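Novice: sequence unknown, structure follows:
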DNA sequence: CGCTGAGATATCGCATGGCTATATATAGTG
DNA sequence: CACTATATATAGCCATGCGATATCTCAGCG
């Protein structure tokens, strides 16, 4: 029931997910991972090998910026969404909603694929 | 406004889209391409370099089966969805709806990202 | 009749990006 | 002390969408 979503399915939305988490406030990598996992009831585990390269990419594109916090024993790199990042997120959200509607229409046009309630 | 959706966004749903078109009845490659483009108002153009390898892959997985029609001058390869293909499509549709709901929740949880109507 | 554009399929090679495995280091717990 | 959780990072693999390119047929036009 609550299996994780397939990697190929999530591809293309992961950036948006991470940005949407950061939109609520600064976070460090590990906490983003946890928040996403909890918010999706375990269906988006976002492994470290995906998360960190993704954050580096977003930073290289200036959609987020980071600073280290070495004050505690655990080195943490805090990330914050930038203004271009917010704009990008907004664009992605708009595009995503249009896409979701598009797919929904396609699925409903195919026989025998109506949602369970039908 | 009606730009095509980004490749990365569509990745992971293309198989499902093609299967959902074939669910309505047998089609040949070129006609699948046209139907998808029209049904999505040009936002899913599905170029030949994507379409044909995709069809070969689906056939290798036995989700669709094909036969040539050489009766007309134009060689056409007709595709038909199989029983396993229908089952696969149904699974993908269920997963996709769950995923879409999941993303919607994430986006609505982020400040300033509510749909335009809000 | 040759040219052009649409119809129709196919494949190569590149680019993107998610994942596993691995590495490193600290903190807390039995 | 061993083990788990916290915390970040990278190399290399793998899947797949796309542009470019190649064939071949047919319809229309001058």
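Specialist: Cool, the structure landed. This one's a predicted model, so the numbers in the text were calculated from it and none came from an experiment.
Novice: can you tell me which residues in chain A are near DNA strand C?
Specialist: A:7, A:10-12, A:14-15, A:46-50, A:53-54, A:57, A:72-74 (CB under 7 Å from any atom of the strand). For glycine as for every other residue, the C-beta is placed from the backbone atoms N, C-alpha and C.
Novice: got a ChimeraX select line for the buried ones in those residues?
Specialist: In ChimeraX, a selection of the buried entries from the residues of chain A next to DNA strand C looks like this (16 or more other CB atoms under 10 Å in any protein chain shown):
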select /A:10,11,12,14,15,46,50,54
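Novice: now the biggest helix by length in chain A and helix B:83-109, what's the angle there?
Specialist: Determined from DSSP state H, the single longest helix within chain A is helix A:83-109. On the basis of axes from the mean of the first three to the mean of the last three CA atoms, to 10 degrees, helix A:83-109 is oriented at 140 degrees to helix B:83-109.
Novice: tell me the helices and strands packed up against helix A:83-109.
Specialist: Packed against helix A:83-109 by the contact rule (3 or more CB pairs under 8 Å, 6 or more residues apart in numbering or on different chains; DSSP states H and E) you find helix A:14-22, helix B:7-10, helix B:14-22, helix B:29-39, helix B:83-109.
Novice: swap the cut-off to 6 Å and go again
Specialist: Here helix A:83-109 touches helix A:14-22, helix B:14-22, helix B:83-109, going by 3 or more CB pairs under 6 Å, 6 or more residues apart in numbering or on different chains; DSSP states H and E.
Novice: how about a markdown table for the ones you listed, with mean pLDDT and distance to residue A:96 added?
Specialist: Output for the helices and strands packed on helix A:83-109, formatted as a markdown table (pLDDT from 0 to 100; distance: least, CB to CB, whole Å):
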| stretch | mean pLDDT | distance to residue A:96 |
| --- | --- | --- |
| helix A:14-22 | 98 | 6 |
| helix B:14-22 | 98 | 16 |
| helix B:83-109 | 97 | 7 |
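Novice: to DNA strand D, which of those helices lies closest?
Specialist: Set against DNA strand D and scored by CB to the nearest atom of the strand, those come closest in helix B:14-22, at 4.4 Å.
Novice: what's the angle between the closest one and helix A:83-109?
Specialist: Using the same axes, to 10 degrees: helix B:14-22 against helix A:83-109 is 30 degrees.
Novice: got the angle for helix B:14-22 vs helix B:29-39?
Specialist: 100 degrees.
Novice: would you mind pulling the contact partners of helix B:14-22?
Specialist: A:106, A:107, A:110, B:32, B:35, B:79, B:81, B:85, B:89, B:92 (CB atoms under 6 Å, 6 or more residues apart in numbering or on different chains).
Novice: nearest to residue A:41, of these?
Specialist: Closest approach between the contacts of helix B:14-22 and residue A:41, by CB to CB: residue B:92, at 19.9 Å.
Novice: burial measure for the closest residue to residue A:88 other than its chain neighbours, as a count.
Specialist: Of all residues beyond its chain neighbours, the one nearest residue A:88 is residue A:63 (5.4 Å), with distances taken as CB to CB, 6 or more residues apart in numbering or on different chains. Counted with other CB atoms under 10 Å in any protein chain shown, the neighbours of residue A:63 add up to 23.
Novice: next up, the contacts around residue A:63.
Specialist: Residue A:63 neighbours (CB under 6 Å, 6+ apart): A:84, A:85, A:88.
Novice: from DNA strand C, how far off is the last one?
Specialist: What that stands for is residue A:88. Shown here: residue A:88 relative to DNA strand C, a distance of 12 Å by CB to the nearest atom of the strand, to the nearest Å.
Novice: backbone phi and psi for the residue lying closest to residue A:23 once chain neighbours are set aside, please?
Specialist: Leaving aside its chain neighbours, residue A:23 sits nearest to residue B:110 (4.0 Å; criterion: CB to CB, 6+ apart). The phi/psi pair for residue B:110 (degrees, to the nearest 10) reads phi -80, psi 140.
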